[in-house]
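Asker: Compute the structure for the input listed below.
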Amino acid sequence: MTTGKSIGVLLVDDHAVVREGLKMVLARDPQIKVVGEAGTADAAVAEAKRLKPDVILMDIRLPGTDGVQACSDILEQWPQMRVLFLTSFADDDTVLAAVLAGAHGYLIKEIGVETLVDSIKRVAAGESILDPAATKRVLSWVKTQSAMPSDPGREPLSPQEQRVVALVAEGKTNKEIAGDMGLSPKTVKN
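Answerer: Alright, predicted model coming up:
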């Protein structure tokens, strides 16, 4: 994805002013090219299909379908794409839903420009990125998840799934996790 060519980024946020600001900031880096934008999750899926971006920089809360569902839908159809959430929401349920939907990164909008640009490049290169506050939440959840009563509508995570989530929270790529655990990258992704 990043071999000598620019990183194609699709911006997804329901606020046009945020998308415009992100375009201006990202235009400063010659390695990043904003290839499109969308204001809803449904538009994000359609634009992902049309544009085939390397990275989708997406807000979590969108009108209609939310960003978590859009992430899941996109990665189910185009697993080579990378989804990086940039949002104001850092509550436990939202962070965990994003990670479990397959997001490759989760950042809070309070980050600096350099961190955002670096994170886009790292996600495009195959790394996983979690905001430090989100990392603490995910690791805490993994540690306590097995002790919590299970939701009657949801199966609890197996020990292997818990380990995968913990390694994602540490910033490891699917390939690295697969190597560490003796699994195929496809198994890790699922």
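Asker: low-scoring pLDDT stretches of this structure, where are they?
Answerer: For the chain, applying pLDDT under 70 flags the ranges 1-4, 134-156, 169-171, 189-190.
Asker: centroid residue for this structure?
Answerer: Closest residue to the average C-alpha location of the chain: A103 at 2.8 Å, with CA atoms, centre = their mean.
Asker: all helices for this protein, in order.
Answerer: Counting by DSSP state H, the segments of the chain that form helices are 16-27, 41-51, 67-77, 92-100, 113-124, 132-145, 159-169, 174-181, 185-189.
Asker: okay, those helices in CSV with mean neighbour count and distance to L10 next?
Answerer: For every residue, glycine as well, the C-beta is placed using N, CA and C. Output for the helices of the chain, formatted as CSV (neighbours: other CB atoms under 10 Å; distance: least, CB to CB, whole Å):
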stretch, mean neighbour count, distance to L10
helix 16-27, 14, 10
helix 41-51, 19, 6
helix 67-77, 21, 9
helix 92-100, 20, 17
helix 113-124, 18, 11
helix 132-145, 16, 22
helix 159-169, 18, 22
helix 174-181, 17, 21
helix 185-189, 15, 20
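Asker: quick one: which of the ones you listed is nearest M58?
Answerer: For these, the distance to M58 is smallest for helix 67-77, at 4.9 Å, taking CB to CB.
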